[in-house]
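**Q** After the sequence you'll find the predicted model.
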Amino acid sequence: MSLEKEDPTQEYIRENGGNAAFHNYINDFSHIKDPLERRRLALEKIDNAGFSWRSVYLILVAGVGFLNDSYDIFTISIALTMMTPIYFSGDNGLSYGLSTWIKSATSVGAVIGQVGFGIMSDMLGRKKVYGLELLLIIVTTIFQACIGSAPGLNFAYVLAFMRLFQGIGIGGDYPAAAVITAEFATTKWRGAIMSAVFASQGWGQVLGAVVAVICVKAGKNDIMVSKSECDGKCLKALDQMWRVLIGFGAVPGAMALYYRLTIPESPRYSLDVQNDINLGTAEVSRYLAGELGEAEQEELDVLKKTGVEVDNIDTTQKKASFNEFLSHFSQWKYGKILIGTSLSWFILDVAFYGLNLNTSNVLKAIGISSGKTLYSSLLSTCKGNLILICAGSVPGYWFSVALIDTWMGRKSIQLMGFIALTIIFAVIAGLQDTKDPSKGGISKFSFALYIFAEFFSNFGPNTTTFLCSEQFPSRFRGTAHGISAGIGKVGAIFSQTVIGYYVNRGTDGLKKCMGIYSGLMFLGVLSTLLTNETKGLTLEEVAYKFHGDIDPNQFIANGSDQQEVSSETEDEVNKLA
């Protein structure tokens, strides 16, 4: 038989080895003529795939972005301490307002990025926006490390401007990574995989603290002076230190950029939003086979050979318009879910960013950060920060990873975390009655409680709020996650600009701040009650159970151009109409 007349299906199997040489997943679907059955089997392959090297790959590709995000967000606190003697001394002192703007500029940009990239991921596709946000982070990080001052140039405002655009990239990473991870993950371990991706934030904080310690140690001989005596070599050393600290943030992102840009499109987007059964099935096959890039034409030809056409079915999962989004979430039974995820994220970020962006001030207020020279002061701040991260943040993240799919669910972990934080912040507020926290055991006890606050933030709402994309159907998933995350970052901005004022006023200010945080954490308990538990449910079951979507598996394809539906499904269609 000539190649020109050979069956395309057999030709593809022959050229690629078929199932005899390796598992050619495209063959698992090529004989299925019913488009809905093909869709069901394709999603079932992903949902039941189990934890494998593909899961590890997914965690690494998405996780490096969050490591990068966390590094860039939280290193600014220690970097500003290094910059102060150079750019903000004497009459050019760094005011509270200017310091707040520099620290919160990233969060302002993040709001734009989270909502914008969330919408784009629903309108354009997950793959088309995945990687662009990381590229923006890399470029703006390099620019930050290179800026300086001049007679006609205000260093602080240029730095804030760069961090604003960096924030857009960081914000875009939240919906892009969360959605694509959720849609590729197996059902049994979806929570653990998504939590492991987000747990990379902890490693980003560790990396930032380690790089800061190395920079301080490297400049020890030049900065072993008091702040008032810092000039010449001291200023040069500090300038080099903060540039290395900030600039190193471009390295992890650069390492992951290629893999972000070559990851396949989410099969659920192709199946549920684009309504392209063949494309989605081919993407499932490529993912299961561990292949990168988009589906190739010969793979689509194999699937099209059976006569499956995209327009034979209508699962009602189309690209959502703005009016459809408003119509859906204006109904309380659906809108309360978005309100619950958004408010929970807002409340958590008020405390989480309020503390982590002011670590040096908090450590000073509880008597941990001190020193007669710049070196001893910077080193104690860096070490205190590193202890907080290693003892509190990182274990908290990985407790969530270990337990979220095995023992506890998303909702129970979030409730537990908010309750624990309510108590911890109240106790810390009470301890600040001591006039001199640097004496006696009060500072060590406060420090221990601060570690527990970091732990229950991450073994609690800081991790579970990231999983909110599970709560929404495919056509709204990116937009809803982006809105929830964006409102969360509004909480970070509110904390930094309003409540953060008290953090900078020493012991008395910290007492008031912790009291406010305690009250907010209790409100987080109430907002969590509006959300749903998604442990053990497929994303399609979530959409069907909590959003009234039609279950496409209830459709029965008859022939090439007509369908019948069960009476139960027909009733649901009428209700939605």
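**A** The structure has been received and is ready for your questions. Keep in mind that what you see is a predicted model, and the values were worked out from it rather than measured.

**Q** which regions of this structure lie under the pLDDT threshold?
**A** 1-24, 91, 292, 306-320, 356-371, 432-444, 500-509, 551-577 (pLDDT under 70).

**Q** any idea how far residue 180 is from the most centrally placed residue in the chain?
**A** The centre of the chain sits closest to residue 174, judged by C-alpha atoms, centre = their mean, with a distance of 3.7 Å. With distances taken as C-beta to C-beta, to the nearest Å, residue 174 is found 11 Å from residue 180. The C-beta positions use only the backbone N, C-alpha and C, and glycine is treated the same way.

**Q** can you check residue 220 too?
**A** For residue 220 relative to residue 180 (C-beta to C-beta), the value is 44 Å.

**Q** higher neighbour count, those two?
**A** More crowded of residue 220 and residue 180, by other C-beta atoms under 10 Å: residue 180, with 29 against 15.

**Q** Hmm, that one is touching residue 264, no?
**A** No - the pair residue 180 / residue 264 is not scored as a contact, 9.4 Å apart, by C-beta atoms under 8 Å.

**Q** now the helices: where do they sit in the stretch 451-577 of the chain?
**A** 461-464, 474-494, 500-503, 506-528, 539-547, 567-576 (DSSP state H, counting those that start in this stretch).

**Q** related to what we said a few turns ago, need the residues touching each of residue 180 and residue 264.
**A** residue 127 (C-beta atoms under 8 Å, 6 or more residues apart in numbering).

**Q** I'd guess the residue nearest to the centre of the chain is in a helix, am I close?
**A** Yes - according to DSSP: H, G, I helix; E, B strand; the rest coil, residue 174 belongs to a helix.

**Q** Mind giving me the packing neighbours of the helix or strand where residue 115 lies?
**A** Assigned by DSSP states H and E, residue 115 belongs to helix 96-123. When contacts are defined as 3 or more C-beta pairs under 8 Å, 6 or more residues apart in numbering; DSSP states H and E, helix 96-123 packs onto helix 53-87, helix 126-129, helix 155-184, helix 474-494.

**Q** Kindly recompute the last result at 6 Å.
**A** helix 126-129, helix 155-184, helix 474-494 (3 or more C-beta pairs under 6 Å, 6 or more residues apart in numbering; DSSP states H and E).

**Q** Which among those helices is found nearest to residue 330?
**A** Minimum separation from residue 330 across the helices and strands packed on helix 96-123 (C-beta to C-beta) falls at helix 474-494, 12.8 Å.

**Q** Report the angle between that closest one and helix 53-87.
**A** Helix 474-494 and helix 53-87 are oriented at 30 degrees to each other (axes from the mean of the first three to the mean of the last three C-alpha atoms, to 10 degrees).

**Q** neighbours around residue 53, how many?
**A** Neighbours around residue 53, by other C-beta under 10 Å: 8.

**Q** Going forward, count from 6.
**A** Done: numbering now begins at 6, and the last item shifts to residue 58.

**Q** Setting aside sequence neighbours, what's the nearest residue to it?
**A** Distance criterion C-beta to C-beta, 6 or more residues apart in numbering; nearest residue to residue 58, sequence neighbours excluded, is residue 295 at 7.4 Å.

**Q** SS state for the one you found?
**A** Once three-state DSSP is applied, residue 295 turns out coil.

**Q** Work out the gap between stretch 338-346 and the centre of the chain.
**A** Taking C-alpha atoms, centre = their mean, to the nearest Å, one finds the center of stretch 338-346 at 20 Å from the center of the full chain.

**Q** Could you pull out the buried residues of it?
**A** 339, 342, 343, 344, 345, 346 (16 or more other C-beta atoms under 10 Å).

**Q** helix/strand/coil for the second one?
**A** For residue 342, the reduced secondary structure class is helix; criterion used: three-state DSSP.

**Q** Give me the neighbour count for the spatially closest residue to it that is not a sequence neighbour.
**A** Leaving aside its chain neighbours, residue 342 sits nearest to residue 476 (5.4 Å; criterion: C-beta to C-beta, 6+ apart). A count of nearby residues for residue 476, using other C-beta under 10 Å, gives 25.

**Q** How about the one 5 residues further on?
**A** Taking other C-beta under 10 Å as the criterion, the count of residues near residue 481 is 24.

**Q** Among the buried residues of stretch 338-346, which one lies nearest to residue 327?
**A** Nearest to residue 327 among the buried residues of stretch 338-346, with distances taken as C-beta to C-beta, is residue 343, at 14.5 Å.

**Q** Which residue comes closest to the closest one once chain neighbours are left out?
**A** In space, residue 343 is closest to residue 334, 5.3 Å off (C-beta to C-beta, 6+ apart).

**Q** right, and that neighbour touches residue 340 too?
**A** Yes - with contacts counted by C-beta atoms under 6 Å, residue 334 reaches residue 340, the gap being 4.4 Å.

**Q** in stretch 517-533, what's buried?
**A** Quick answer for stretch 517-533 (16+ other C-beta under 10 Å): 517-523, 525-530, 532-533.

**Q** got the domain boundaries for this structure?
**A** 12-53+283-318, 58-269+326-541 (automatic domain parsing).

**Q** So which of those is the most surrounded?
**A** domain 58-269+326-541 (a mean of 21; mean count of other C-beta atoms under 10 Å).

**Q** hang on, the earlier thing: could I get the helices and strands packed on helix 101-128 in a markdown table, plus columns for distance to residue 275?
**A** Listed next are the helices and strands packed on helix 101-128 as a markdown table, based on distance: least, C-beta to C-beta, whole Å:
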| stretch | distance to residue 275 |
| --- | --- |
| helix 131-134 | 10 |
| helix 160-189 | 10 |
| helix 479-499 | 10 |
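
**Q** for those helices, which one sits closest to residue 301?
**A** helix 131-134 (14.9 Å).

**Q** mind checking how far residue 470 is from residue 487?
**A** From residue 470 to residue 487 the distance is 13 Å (C-beta to C-beta).

**Q** who touches both of those two?
**A** When contacts are counted by C-beta atoms under 6 Å, 6 or more residues apart in numbering, residue 470 and residue 487 have no shared neighbour.

**Q** mind exporting stretch 100-118 as PDB, just the C-alpha atoms?
**A** Output of stretch 100-118 as PDB, limited to C-alpha atoms (Å, rounded to 0.1, in the frame of the first residue of the first chain):
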ATOM      1  CA  SER A 100       8.900  59.600  55.200                       C
ATOM      2  CA  TYR A 101       6.200  57.200  56.200                       C
ATOM      3  CA  GLY A 102       4.100  58.100  53.200                       C
ATOM      4  CA  LEU A 103       7.000  57.500  50.700                       C
ATOM      5  CA  SER A 104       8.000  54.300  52.400                       C
ATOM      6  CA  THR A 105       4.400  53.100  52.300                       C
ATOM      7  CA  TRP A 106       4.100  53.900  48.600                       C
ATOM      8  CA  ILE A 107       7.300  52.000  47.700                       C
ATOM      9  CA  LYS A 108       6.100  48.900  49.700                       C
ATOM     10  CA  SER A 109       2.500  49.000  48.400                       C
ATOM     11  CA  ALA A 110       3.300  49.800  44.800                       C
ATOM     12  CA  THR A 111       3.700  46.100  44.100                       C
ATOM     13  CA  SER A 112       0.300  45.400  45.600                       C
ATOM     14  CA  VAL A 113      -1.300  48.200  43.500                       C
ATOM     15  CA  GLY A 114       0.100  46.600  40.400                       C
ATOM     16  CA  ALA A 115      -0.900  43.200  41.500                       C
ATOM     17  CA  VAL A 116      -4.600  44.200  41.700                       C
ATOM     18  CA  ILE A 117      -4.300  45.300  38.000                       C
ATOM     19  CA  GLY A 118      -2.500  42.100  37.000                       C
END
